[in-house]
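no sequence for this one, just the structure:
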């Protein structure tokens, strides 16, 4: 393992299990104790008290210290409860948390929690704002240890109706970003950091994931093809289905309930589609009768094509088939009139269906890495589109002028579209555009077309990560 390492290199293994530590044959082990009361209070205090009036409130401080004593020196509990108390205003609300019965082990169907940690986390969940509860529990659909794309997660919440408009006028995406911020503050989500595979990647602590799975209960159906699938199974309370390791299964699919809202196909999350030796047939019988289906996600599945039966999914809002090796898209795509998010990146089709122009509710279209794609259909009147991403579409020769009808467009990524020879003429009339990514482009940009853009406009150009704001652009125009 350390053949490429320096002399005297060492491996540090961290684990919550003493058995794992013993089996590792470690030369030396160090058992970390819980945090001291003062350190635990410091973690709690920094998250719970945000204003000077709260910091000076002796009653809140006294109640907070009593809550910290119950955290047992566990940092995850202190951080989670600290942020939860930030959202609670007034002595009565704090007393409700301190005196909650959830501090005690809870039992369900005769089985109790095996650790004291889950009840502590459940307390944070119990006092979580109602609008956050659905969003958090939904994260149980991701396999434990997987990395979550933040932007995709927000779009999934939107597709399922978990994010509602407010009187403040914030967009649903902005509201979703605030939800993510709150869950990060509670440590119910964590940033993957530099080691992650995605920008702004997220993941869940194992214990938090256990809590989410516990709360979602029978509403989530989990089937693993490697463990054998029968044509019938017990239980009819689920609304979401996680189907694992179906990439090599060509005929056997379960009969899912008609009211299911999401189907999430996923092979091992580190597996590449190229590792799949067989083509996965589209599960027609599985989904054709699912009239309430809002989300369909194919993770690392080898499909090659969608059938025309796709048109039956009238309520579909979110469809992702990233890296599925799709070679052709059916004309029936245009019948998905409620589709709002479509990601078909890294596929092999050469053109999009002409009926794409009928997707008037589509807001995000991601076609990154579709290197065989030569043209987009004309006309392409996607009037509600907010984001169009064509990164790495090396063979794309022209963008339809009708993209200019997408007056809601805010993000346009045409980076590394090397076959495009000119700047699209419609760029100048996209008044709401805030980001234009042209990294690796081969064509000149007429800066005069950028005069009327919003003040927070960003341009990425010529293989550099530098962002020019509108003031710099205007200065360049003046020159």
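Done, it's in. All of these numbers come straight from a predicted model, not from anything done at the bench. Numbers count the residues shown, from 1 in each chain.

Verify the contact between residue 381 and residue 356 for me.
No - between residue 381 and residue 356 there is no contact under C-beta atoms under 8 Å: 9.6 Å. From N, CA and C alone the C-beta is placed, and that goes for glycine too.

Neighbour count: these two, which is higher?
Higher neighbour count among residue 381 and residue 356: residue 356, with 22 against 17, using other C-beta atoms under 10 Å.

Name the nearest residue to that one, ignoring sequence neighbours.
residue 377 (5.1 Å; C-beta to C-beta, 6 or more residues apart in numbering).

which residues are contacting the helix or strand where residue 298 lies?
Remark: residue 298 resides in strand 295-299, with elements defined by DSSP states H and E. Identification of contacts with strand 295-299 by C-beta atoms under 8 Å, 6 or more residues apart in numbering yields 156, 159-160, 261-267, 269, 287, 313, 316-322, 324.

What subset of those residues is buried?
156, 159-160, 261-267, 287, 313, 316-322, 324 (16 or more other C-beta atoms under 10 Å).

In strands, which of these fall?
262, 263, 264, 265, 266, 318, 319, 320 (DSSP state E).

Please give me every residue in contact with the closest residue to residue 344 other than its chain neighbours.
Nearest non-adjacent residue to residue 344, counting by C-beta to C-beta, 6+ apart: residue 321, 5.3 Å away. By C-beta under 8 Å, 6+ apart, the contact set of residue 321 is 298, 301, 303, 306, 343, 344, 347.

Just name the lowest-scoring one in the ones in strands among the buried ones among the contacts of strand 295-299, pLDDT-wise.
Across those, the smallest pLDDT goes to residue 266, namely 77.

re the thing from before, quick check, nearest of the contacts of residue 321 to residue 181?
The closest of the contacts of residue 321 to residue 181 turns out to be residue 343 (C-beta to C-beta; 23.7 Å).

from the ones in strands among the buried ones among the contacts of strand 295-299, which is closest to residue 417?
residue 320 (21.9 Å).

For that closest one, list the residues it contacts.
Residue 320 neighbours (C-beta under 8 Å, 6+ apart): 152, 296, 297, 298, 299, 341, 342, 343, 344.

Neighbour-wise, which one of the residues you listed leads?
Busiest of the contacts of residue 320 [other C-beta under 10 Å] is residue 298, holding 28 neighbours.

distance of that one from residue 419?
28 Å (C-beta to C-beta, to the nearest Å).

Over to residue 328?
Distance from residue 328 to residue 419, by C-beta to C-beta: 21 Å.

how about the strands of the stretch 101-250 of the chain, start to end?
107-108, 111-112, 148-149, 190-191, 201-203, 220-224, 240-244 (DSSP state E, counting those that start in this stretch).

taking those strands together, which one is wrapped up most tightly?
Stretch with highest mean neighbour count among those: strand 240-244 (a mean of 22; mean count of other C-beta atoms under 10 Å).

just to revisit the earlier point, which of the ones in strands among the buried ones among the contacts of strand 295-299 sits closest to residue 198?
residue 320 (13.7 Å).

can you map out the helices along the stretch 201-350 of the chain?
Along the stretch 201-350 of the chain, the segments classed as helices by DSSP state H, counting those that start in this stretch run 206-216, 284-287.

Work out which residue lies at the spatial centre of the chain.
residue 153 (2.5 Å; C-alpha atoms, centre = their mean).

secondary structure class for residue 82?
helix (DSSP: H, G, I helix; E, B strand; the rest coil).

Pull the number of nearby residues for it.
Residues near residue 82, counting by other C-beta under 10 Å: 27.

how near is it to residue 124?
9 Å.

just residue 402 next, same as before
Taken as C-beta to C-beta, the span from residue 402 to residue 124 is 49 Å.

Just list the residues touching residue 319, thanks.
295, 296, 297, 336, 339, 341, 342, 343, 344.

in the sheet, who's paired with it?
Following DSSP bridges, residue 319 is listed with bridge partners residue 296, residue 342.

Any figure for the gap between it and residue 159?
9 Å.

Give me the common contacts of these two.
With C-beta under 8 Å, 6+ apart as the test, residue 319 and residue 159 both reach 295, 341.

Which one's more surrounded, residue 402 and residue 124?
Taking other C-beta under 10 Å, residue 402 and residue 124 do not tie; residue 124 has more neighbours (25 against 17).

quick one: pLDDT of that one?
86.

Assess the claim that it and residue 185 are in contact.
No - between residue 124 and residue 185 there is no contact under C-beta under 8 Å: 10.5 Å.

Now do the shared contacts for the two.
In contact with both residue 124 and residue 185: residue 83, using C-beta under 8 Å, 6+ apart.

Residue 127: what's it in contact with?
84, 87, 88, 96, 97, 100.

By neighbour count, which of those wins?
residue 84 (24 neighbours).

hang on, that one packs against residue 128?
Yes - with contact defined as C-beta under 8 Å, residue 84 counts as touching residue 128 (6.7 Å).

Need the residues touching each of the two.
Counting by C-beta under 8 Å, 6+ apart, the residues touching both residue 84 and residue 128 are residue 186.

Report how many residues lie close to residue 417.
Counted with other C-beta under 10 Å, residue 417 comes out at 22.

Looks to me like it is in a helix.
No - read with three-state DSSP, residue 417 is coil and lies in no helix.

measure it to residue 379 for me?
20 Å.

now swap in residue 67 and tell me
60 Å.

If you count surrounding residues, which of those two has more?
residue 67 (23 against 14).

what secondary structure does the more buried one sit in?
helix.

show me the contacts for the residue nearest to it when sequence neighbours are not counted.
Sequence neighbours aside, residue 98 is the residue nearest to residue 67 in space, at 5.4 Å (criterion: C-beta to C-beta, 6+ apart). With contacts defined as C-beta under 8 Å, 6+ apart, the neighbours of residue 98 are 63, 66, 67, 70.

Can you name every helix or strand that the helix or strand containing the first one contacts?
Assigned by DSSP H and E, residue 63 falls within helix 58-70. Helices and strands touching helix 58-70, by 3 or more C-beta pairs under 8 Å, 6 or more residues apart in numbering; DSSP states H and E, are helix 37-48, helix 75-86, helix 91-98.

Buried deepest among those, which one?
helix 75-86 (a mean of 24).

which of the ones in strands among the buried ones among the contacts of strand 295-299 lies closest to residue 58?
residue 262 (48.1 Å).

contacting residues around residue 36?
residue 73.

go again using 10 Å as the cut-off
Residues counted as contacts of residue 36 (C-beta atoms under 10 Å, 6 or more residues apart in numbering) are 42, 73.

confidence score at it?
88.

any idea how far it is from residue 66?
Relative to residue 66, and taking C-beta to C-beta, residue 36 is found at 17 Å.

which neighbours do residue 82 and residue 124 share?
With C-beta under 10 Å, 6+ apart, residue 82 and residue 124 have common neighbours 186, 187.
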